[in-house]
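[1] Model the structure of this input:
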Amino acid sequence: MKRIRFGVFLAVLLPVCTGLLAAPPPAAGQELPQDISRAFSAAGVQMLKQKPPLSDFTLPLLSGGTQSLDSLRGKVVFLNFWATWCPPCRAEMPAMEKLYQKFKNDGLAFFTVNIQEDKKDVEAFMKEFGLSFPVALDFKGEAAAMYGVRGIPTTYIIDRDGRIIAAAVGGREWDSAEMLRAFTLLMRND
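    Coordinates of the predicted model:
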């Protein structure tokens, strides 16, 4: 049984990792302006030189229904993998809520993915912290594996064209002045 699971893991993860490493560079004119790259770097978020396309997945939402990553194309996406038991995840959640509230009406979509936890535990956590952003439930950890998540929290910033432009592993102050400036510049970029 372990060989089958490992085989499935490799079948899913290897193409994603290969795609991240071998993705073609964006076409001319699709590079982010330098001020946006500098702003995210100053805020402690690593900008990716290669901007790989997304691998789509669909997950159930805590609030009901489902959400696919592909359905958010045309918006800037804050893709965050987390768990309720993770201290850095817990620490960054209030700042994430502030970021969500500031930009949710400006085209920033949150797709936060809880990894392998019970729905009732996630509901209790969201209520305890007063969080309102959408949460998807990755009961089997398949979406996290697809994106090569090794540590949590892991966050990817995805541009309106559906390319991963930045990544952060570990907690961040998503509501810091530097971070808000970076997102303000990104949201204004067409």
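[2] Would you map the helices across the protein?
    Assignment of helices within the chain using DSSP state H yields the ranges 2-22, 34-42, 87-103, 119-129, 142-146, 177-188.
[3] Check those for me and report the most buried one.
    Counting by mean count of other Cβ atoms under 10 Å, helix 142-146 has the highest mean neighbour count of those, with a mean of 19. No exception for glycine: its C-beta is placed from N, CA and C like everyone else's.
[4] re earlier: quick one, which of the helices of the chain is nearest to residue 112?
    Closest approach to residue 112 among the helices of the chain (Cβ to Cβ): helix 87-103, 7.5 Å.
[5] contacts for that closest one?
    76, 78, 80, 82-84, 108, 110, 112, 129-133, 152-153, 170-176, 179-180, 183, 187 (Cβ atoms under 8 Å, 6 or more residues apart in numbering).
[6] beta partners for the most centrally placed residue in the chain?
    The geometric centre of the chain, computed from its C-alpha atoms, lies nearest to residue 79 (Cα atoms, centre = their mean), at 1.5 Å. Beta-bridge partners of residue 79, counted by DSSP bridges, are residue 111, residue 156.
[7] Whichever of the contacts of helix 87-103 end up buried, select them in ChimeraX.
    One line in ChimeraX is enough to select the buried ones among those; burial here means 16 or more other Cβ atoms under 10 Å:
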select :76,78,80,82,83,84,108,110,112,131,133,152,153,171,172,173,174,175,176,179,180,183,187
